[in-house]
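S.K.: Have a look; sequence and predicted model below, questions after that.
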Amino acid sequence: MTIDELLKTINTHVPFDTAESWDNVGLLIGDKANKVTGILTALDCTKEIVDEALNKGCNTIICHHPLIFKGIKNITQQEGYGLIIRKLIKNDVNLIALHTNLDVYPKGVNAMLANKLGLEKQQILNPENIAYYKVQVFIPEENLSDFKEALSEAGVAQEGDYQYCFFESPGTGQFKPVDNANPHIGEKDQISHVQEYKLEFMIEYTQRTLTQDLITQHHPYETPVYDFIELTKQANYGLGMIGKLKEVTTVKNFVSHVKEQLKMPSVRFSGDLNANIETVAIIGGSGIGFEYAASQKGADIFVTGDIKHHDALDAKIAGVNLLDINHYSEYVMREGLCHLLEDWLNVEDKTFNIEASEINTDPFEYL
């Protein structure tokens, strides 16, 4: 399997275009033509992670946090990110980042954390809305079949795993060619009545130009009539998960459970220590900003990382319980991504090992 084939497989399940616009995902360093000899999954890409990949015979690292993210001013051998980048290039190691696209994936980082905590009846906390177009085209009956075939073959009018998704309704088209018109049907200066169909179908937001070109190319009329109606719908992906514990518990018992399951020496709680906890919302990494939406959806506690003093104080005053599990809690993606990759890759394509990094890249020491 080549890096290019691996990227296409990943994109099928965790599309790169579902990442935030500010993010940096995909192949950051490497060659798409390279053959994959082994994959190492990691939260961060550090010098130690690169050494681990080399020792394990893995020429591909898939990490959650992008190595190339902020502005890098130099790439030198002596220090900083430049040292890591040089080491990757020198040893022909490919680096792929799956960041916010893995966050919003239904089986991604937040689902992995929710599973670790034993949450049941899981649902996406904040489903995203995606824009799309409904298209209407009016076309003579005799041209309908060929027109639909042309559109379908070009990849439009698809819904998930279904192709050739059209709806058609009959009607009578009326027009009068004048001046320099060159009508496909009818005579100049005469009103024509034609049995036409209104053809309706959905396209992705990015397919508007393609669809417009296809209509112009394959429609028999020199001035076809069509509409693009912009709509939105709820996506089947989004940020965070919300679910229920098997039974109601106290804050102290829940905190102990979290520390045990995530193997964390320390966490921070803000809120009512006497509260009962059953419904839990979680966003790995830094999810402040969604705590009130979580509360409105019935969450007894909102679990995330990187909580600042004033955010915690505001939430406490508002009666919202918070648990800060540190940004490093996302390390669960190392094992979780291994399982996903095993499921995504065909057995005949996987002639290499997929391993999770064993290195702790948490920058903090707990004293």
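M.R.: In hand now; what should we look at? Residues are numbered from 1 along each chain as shown.

S.K.: Not counting stretch 299-310 itself, show me its contacts.
M.R.: Residues outside stretch 299-310 that contact it (CB atoms under 8 Å, 6 or more residues apart in numbering): 113, 117, 242, 251, 254, 258, 268, 270-271, 275-288, 290-291, 294-295, 315, 320-330. Quick note: C-beta positions are derived from backbone N, CA and C, even for glycine.

S.K.: Would you map the helices across the stretch 51-200 of the chain?
M.R.: With helices called from DSSP state H, counting those that start in this stretch, the stretch 51-200 of the chain shows them at 80-90, 100-104, 109-116, 141-153.

S.K.: Tell me which residues of the longest one come out buried.
M.R.: Buried residues in helix 141-153, counted by 16 or more other CB atoms under 10 Å: 143-144, 147-148, 151-152.

S.K.: still on that earlier bit, show me which of the contacts of stretch 299-310 are buried.
M.R.: Buried by 16+ other CB under 10 Å: 113, 117, 242, 251, 254, 258, 270-271, 277-285, 287-288, 290-291, 294-295, 315, 320-330, out of the contacts of stretch 299-310.

S.K.: Now stretch 55-66: average pLDDT?
M.R.: The average of the pLDDT scores along stretch 55-66 is 97.

S.K.: and if you look at stretch 347-355?
M.R.: What stretch 347-355 shows for mean pLDDT is 83.

S.K.: low pLDDT regions in the stretch 251-367 of the chain?
M.R.: 349 (pLDDT under 70).

S.K.: Try it again at 80.
M.R.: In the predicted model, the stretch 251-367 of the chain carries pLDDT under 80 at residues 346-350.

S.K.: between the helices of the stretch 51-200 of the chain, which gets nearest to residue 130?
M.R.: Evaluated with CB to CB, those place helix 100-104 nearest to residue 130, the distance being 11.2 Å.

S.K.: How about residues contacting that closest one?
M.R.: Contact partners of helix 100-104, identified using CB under 8 Å, 6+ apart, comprise 14-20, 23, 25, 64, 108-110, 128, 237-239, 283-285, 333, 337.

S.K.: so how far is that helix off the chain centroid?
M.R.: What separates the centre of helix 100-104 from the centre of its chain is 5 Å, taken as CA atoms, centre = their mean, to the nearest Å.

S.K.: Export it to CSV, keeping only CA atoms.
M.R.: Listed next in CSV are the C-alpha coordinates belonging to helix 100-104 (Å, rounded to 0.1, in the frame of the first residue of the first chain):
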residue,chain,number,x,y,z
THR,A,100,-10.1,18.1,14.2
ASN,A,101,-11.4,15.7,11.5
LEU,A,102,-10.7,12.9,14.0
ASP,A,103,-12.3,15.0,16.8
VAL,A,104,-15.7,15.2,14.9
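
S.K.: does residue 39 have beta-bridge partners, and which?
M.R.: For residue 39, the beta-bridge partners are residue 60, residue 354 (DSSP bridges).

S.K.: Report how many residues lie close to it.
M.R.: Around residue 39 there are 26 other residues, counting by other CB atoms under 10 Å.

S.K.: wait, what's in contact with it?
M.R.: Residue 39 touches 6, 58, 60-62, 341, 352-355, counting by CB under 8 Å, 6+ apart.
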